[in-house]
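Undergrad: Any chance you can model this:
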Amino acid sequence: MRTETGIAVRYKDDPQAYMRAYYEKTREKQLAAGKIRGAKWRAENIDYKREKSRAVCASRKASVINLYGGMCCKCGYSDARALQLDHINGSPVPNADRTRAGEAGEKLYRRILDGLTDRGLYQLLCANCNWIKRAEAGECRRKT
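TA: Model prediction:
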């Protein structure tokens, strides 16, 4: 027997139970439809997603640059386009594994802002000072 809203009488006192039961009954169908809708939306809005992702990354980078004083700690250069976050004692993680380990790029910015990594391990250098430091410390040699 059903009420005027179409919900079975046994769910009259608990409409949430009806929704839970309906979801359990149609879960696989709803998940499959959601994947299709999501894939279609991503395909149609790829430019929007790229712009949004770049804006978020740029915002995080700017926040980290401000957190570290906004200028190169060696020469005082302050143009954010050339400032880079540098591991003070070199990275303990090999180059190929840095991004996956959260030790490079946007993942590192997020970890610093969330307080998940020690801020004292990094310094802000301009690109020139960073490359000079890498050359002097032997960090840029490739294994052959």
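
Undergrad: where does the chain have its least confident helix or strand?
TA: The helix or strand of the chain with the lowest confidence, counting by mean pLDDT, DSSP states H and E, is helix 98-101 at a mean of 60.

Undergrad: Could you point out the helix or strand that follows that one?
TA: helix 105-113 (DSSP states H and E).

Undergrad: Would you mind giving the domain segments of this structure?
TA: Domains of the chain are assigned by automatic domain parsing as 10-44, 46-137.

Undergrad: now, of those domains, which is deepest in the fold?
TA: domain 46-137 (a mean of 14; mean count of other CB atoms under 10 Å). C-betas here are computed from N, CA, C, even on glycine.

Undergrad: per-residue confidence for the residue nearest the centre of the chain?
TA: With distances taken as CA atoms, centre = their mean, the residue of the chain nearest its centroid is residue 107 (5.3 Å). Looking at residue 107, its pLDDT reads 85.

Undergrad: and the next element down the chain from the longest helix along the chain?
TA: Across the chain, the longest stretch assigned as helix under DSSP state H is helix 15-44. Per DSSP H and E, the first helix or strand lying C-terminal to helix 15-44 is helix 46-67.

Undergrad: what angle separates that next one from helix 15-44?
TA: Relative orientation of helix 46-67 and helix 15-44, computed by axes from the mean of the first three to the mean of the last three CA atoms, to 10 degrees: 90 degrees.
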